[in-house]
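1. Starting from these lines, generate the structure:
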Amino acid sequence: MNSRATLCVNEKGHLTIGGCDCIELARSFGTPLYVFDEDYIRGMMRIYRDTIANEYGDGLVLYASKAFSCEAMYAIAKQEKIGADVVSGGELYTAMQAGFPAEKICMHGNNKLPREIEYALDCGIGYFAVDDPTEADLLDRECEKRGTVQNVLLRINPGVEAHTHKFVQTATPDSKFGFSVTSGAAEAMTKHLLGKRHLRLRGFHCHIGSQIFEKQSFCVAAEKCLAFMADMKKKLSFEADTLNLGGGFGIWYTDEDEKFTFDGYAAYLRALIGAVKTGCAKYGLKAPKLMIEPGRSIVGEAGITLYTVGAIKEIPGLRKYVAIDGGMFDNPRFCLYESKYTALLAGRANEQPTEFVSIAGKCCESGDLIGVNMALPRAERGEILAVLSTGAYNYSMASNYNRNPIPPAVLVKDGKADYIVKPQSYEDLVRNDALPARLR
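-> Numbering: from 1, shown residues only. Model prediction:
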């Protein structure tokens, strides 16, 4: 366990988070239950915000909403004076409902829908990250109707292959995201945007992937982006004043991963800032406004999921299944990426594992697993099982598969727990169903 002051084991041997006993949380709110540590979320936002301010100067941290989006997250980000990136009309609407400042929002997406573009313009967001020529045309026309000029960034693909799962690499030569620097597509798109009367190209955006631990990939991406900026200054007389280097910092899921403190993430960012400063000096560029978009690293380790153990089935010579009351409907990441997690029994959190098991969900799918070969003490029906580091991309990817309700989420701080996502009821599951008259 990557323990900390707000994630530890108490004198009873119970797992605690945010000063709350996980056994009591399960008793009060039921399971499955997403639990989020407010102090950890704020701490990560602050370390990124303050490191940029102290080590660089002009910059903006944008919380990557896709990791976990709800009104409470935007309320925290607003209080911590950072921005947000959104990738859909739904994420933007959620931010607006929370009173988030639109000027601190950047909208991403490789296929923004016309209604999403119109809504974002009506909200007055700060930036669009343009990822398609026809998107630029549509955006320019909509701005002309409103008599406005919109700040945009161009998403470029620097061709950096980060060391991570192939499904979360986003800057390889074959990617749906961005315009290739090496092929000339990025230069052509820069010219296209500079020709738009109602769009103001401020600079460039890149994102090389997710769950990346080695700093060098980020530094190489920064250098390649700055080289491209210098090339555009020379060829097109355009000097960008903004550089958004995305996110992708890795987090701890199992002991195969590095364990970082807040200072460890500050070191990541200092390395990136150093690469930007070096590149600017090398290419004779003015230091641009620096944006980053951390999501997983802000909320991933802040979250855990609590389950109740149900059926236990052992197949001699093959494996042992420990079933829980959740599954792929609240955490599909093992099914998608074979993602690894750490689990423990919340009421016996100090006990050493005695066996390796597969944690199975309750869905009608053979592949409905949270993990395989997971080390646990011998579990019993009715015990509370905690899966760690589930704050990012679990609730975000959750579904009602098999008509299972998506679990609620609570925010914990100083021993107090509050809903930030309320429980779904069976009534919620059928709320939007429609029964034609001929079927009644």
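2. Skipping adjacent residues, who's closest to the residue nearest to the spatial centre of the chain in space?
-> By C-alpha atoms, centre = their mean, the chain has its centre lying nearest to Ala67, at 2.5 Å. Once flanking residues are discounted, Ala67 sits nearest to Gly295: 3.3 Å by C-beta to C-beta, 6 or more residues apart in numbering. Quick note: C-beta positions are derived from backbone N, CA and C, even for glycine.
3. Give me the distance between that neighbour and Lys413.
-> 21 Å (C-beta to C-beta, to the nearest Å).
4. Could you check which of these two has the larger neighbour count?
-> Neighbours were counted for Gly295 and for Lys413 using other C-beta atoms under 10 Å; Gly295 has more, 27 against 19.
5. From Cys22, how far out is the more buried one?
-> Distance from Gly295 to Cys22, by C-beta to C-beta: 25 Å.
6. and the next element down the chain from the longest strand anywhere in the chain?
-> Scanning the chain for the strand with the most residues, using DSSP state E, yields strand 303-315. Reading on from strand 303-315 to the C-terminus, the next helix or strand found by DSSP states H and E is strand 319-324.
7. so that next one versus strand 303-315, what angle?
-> Counting by axes from the mean of the first three to the mean of the last three C-alpha atoms, to 10 degrees, strand 319-324 lies at 140 degrees to strand 303-315.
8. Give me the buried stretch members for strand 319-324, please.
-> Neighbour-count burial for strand 319-324, with 16 or more other C-beta atoms under 10 Å as criterion, is recorded at 320-324.
9. Tell me the one of those residues nearest Thr134?
-> Ile324 (45.5 Å; C-beta to C-beta).
10. Give me the nearest residue to the closest one, chain neighbours excluded.
-> Tyr307 (3.8 Å).
11. I'd say Val360 and Gly371 touch.
-> In this structure residue 360 is Ala, not Val. No - using C-beta atoms under 8 Å, Ala360 is not in contact with Gly371; the gap is 9.6 Å.
12. More neighbours: those two, which one.
-> A direct count of neighbours by other C-beta under 10 Å for Ala360 and Gly371 places Ala360 higher, at 26 against 21.
13. In contact with the more buried one, which residues?
-> 321-324, 327, 368-370 (C-beta atoms under 8 Å, 6 or more residues apart in numbering).
14. Of these, which is the nearest to Arg348?
-> Val322 (13.8 Å).
15. ok, that closest one touching Gly361?
-> No - with contact defined as C-beta under 8 Å, Val322 does not count as touching Gly361 (10.8 Å).
16. Format the CA atom coordinates belonging to the host helix or strand of Ile370 as PDB.
-> For Ile370, the element it lies in under DSSP H and E is strand 369-376. The C-alpha atoms that make up strand 369-376 are tabulated as PDB, following Å, rounded to 0.1, in the frame of the first residue of the first chain:
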ATOM      1  CA  LEU A 369     -12.700  -9.600 -13.200                       C
ATOM      2  CA  ILE A 370     -11.100  -6.900 -11.200                       C
ATOM      3  CA  GLY A 371      -7.800  -8.700 -11.200                       C
ATOM      4  CA  VAL A 372      -6.100 -12.100 -11.200                       C
ATOM      5  CA  ASN A 373      -3.300 -13.500  -9.000                       C
ATOM      6  CA  MET A 374      -4.100 -10.900  -6.400                       C
ATOM      7  CA  ALA A 375      -2.600 -11.500  -2.900                       C
ATOM      8  CA  LEU A 376      -5.100 -11.600  -0.100                       C
END
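17. List the strands paired with the next helix or strand after it, with their directions.
-> Per DSSP H and E, the first helix or strand lying C-terminal to strand 369-376 is strand 384-387. Applying DSSP bridges, strand 384-387 is found paired with strand 303-315 (antiparallel), strand 343-345 (antiparallel).
18. To Pro408, which of those strands lies closest?
-> strand 303-315 (11.0 Å).
19. Please name every helix or strand in contact with the strand holding Ile370.
-> Helices and strands touching strand 369-376, by 3 or more C-beta pairs under 8 Å, 6 or more residues apart in numbering; DSSP states H and E, are strand 319-324, helix 333-337, strand 343-345, strand 355-360.
20. And those: which comes nearest Asn244?
-> helix 333-337 (25.2 Å).
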